[in-house]
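S.K.: Provided below are the primary sequence and the corresponding predicted coordinates.
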Amino acid sequence: MRAKTTLSITSARKNIFGIAEEVQKGDVYYTLTERGCPKMVVLSAKKFEALWENKNNSRGFCLSDGGERKYASQVFAKTLIIRDESRVVYLSGDNQKTKEQEENLVKAQLYVELVEKHKYPLDLVEFGRYVKVGPKEGKHYIEADVIVNCEKGNVKMIFEVSAFSDFEEKTDKVICDLFELANSLSWIKKPEYVVYFSRTCGKDEAKEKIMTINYAKFNTFSAWKKAGRPFENKIPEFRN
């Protein structure tokens, strides 16, 4: 393939629908950068599937343990946007060196846990949505790490993750962000839960830190704080 152009992620976000159409043309793809460093590639699903089928190019792409064939047909839409390693693949142990990479791994593990342990359908789990939050005069974007929707299309749960060692230090900031996200994503029905999540894998076992807050009961950070900061340390199971 040849690169059609190189854009910053910020610039691409403003024209994502145009980019989605451009990459349908022949061998066009986009390389998106953050602060000058390549961060993601946007290419057509057709081109990605061709690469996937080529055994020489497929090494390193694995959607889940033993679930490659089952998941692939359900995950990829018309255009697949590979934002970074965490969205559709596992990271190898050699890549877990920075806080950002650790957070990416946590997101990947959370995805698999939601689908395989808690039985959420693949099409209800969404990654990396940028949400406009704040008052009209001070609007800004926050990235929701993971969103779980209900079958009617309403947002059910919103997840933010952090590196395991940073969990306590970032608690207030992350939970404030979660409440802002939930407020902006409250349409016909409010989200039920906001969840702060982290995970680490030792030699013998995995450890998790989970704060699940009932957003239906507390829909502002201050209300939750005044109530004594109640939370549960588990992820709600899927319910039809």
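M.R.: Looks like it arrived, so ask away.

S.K.: pretty sure Val155 is touching Arg129, no?
M.R.: No - between Val155 and Arg129 there is no contact under CB atoms under 8 Å: 9.5 Å. (Each C-beta comes from the backbone N, C-alpha and C, glycine too.)

S.K.: please say which of the two ends up with more neighbours.
M.R.: With neighbours defined as other CB atoms under 10 Å, Val155 and Arg129 compare such that Val155 has more, 25 against 16.

S.K.: residue contacts, that one?
M.R.: Ile147, Val148, Asn149, Ala182, Leu185, Ser186, Trp187, Pro191 (CB atoms under 8 Å, 6 or more residues apart in numbering).

S.K.: I'd assumed Asn154 was in contact with the first one.
M.R.: Going back to what we said before, that points to Ile147. No - in this structure, Ile147 is not within contact of Asn154 by CB under 8 Å, at 10.6 Å.

S.K.: which residues do Val155 and Arg129 both contact?
M.R.: With CB under 8 Å, 6+ apart as the test, Val155 and Arg129 both reach Ile147.

S.K.: got the CA positions of the host helix or strand of Tyr29 in CSV?
M.R.: Using DSSP states H and E, Tyr29 falls within strand 28-34. Taking Å, rounded to 0.1, in the frame of the first residue of the first chain, the C-alpha atoms of strand 28-34 are listed here in CSV:
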residue,chain,number,x,y,z
VAL,A,28,-5.0,4.3,0.1
TYR,A,29,-4.4,4.4,3.8
TYR,A,30,-3.7,7.2,6.3
THR,A,31,-1.0,7.4,9.0
LEU,A,32,-2.1,9.4,12.0
THR,A,33,0.4,11.0,14.3
GLU,A,34,0.5,12.5,17.8
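
S.K.: tell me which other helices or strands the next helix or strand after it touches.
M.R.: As assigned by DSSP H and E, the chain's next helix or strand after strand 28-34 is strand 37-44. Counting contacts by 3 or more CB pairs under 8 Å, 6 or more residues apart in numbering; DSSP states H and E, strand 37-44 is packed against helix 9-14, strand 28-34, strand 79-82.

S.K.: so which residues of this protein form helices?
M.R.: Secondary structure of the chain by DSSP state H: the helices cover 9-14, 16-22, 45-53, 68-75, 99-112, 171-184, 221-226.

S.K.: which among these is found nearest to Thr212?
M.R.: Thr212 lies closest to helix 171-184 among the helices of the chain, at 10.5 Å (CB to CB).

S.K.: tell me the mean pLDDT for the closest one?
M.R.: The pLDDT scores in helix 171-184 average 94.

S.K.: list the helices and strands it packs on?
M.R.: strand 125-133, strand 140-149, strand 155-161, strand 193-201, strand 206-214, helix 221-226.

S.K.: got the angle for that helix vs strand 193-201?
M.R.: Between the axes of helix 171-184 and strand 193-201, defined by axes from the mean of the first three to the mean of the last three CA atoms, to 10 degrees, the angle is 140 degrees.

S.K.: buried residues in helix 171-184?
M.R.: Buried residues in helix 171-184, counted by 16 or more other CB atoms under 10 Å: Val174, Ile175, Asp177, Leu178, Phe179, Glu180, Leu181, Ala182, Asn183, Ser184.
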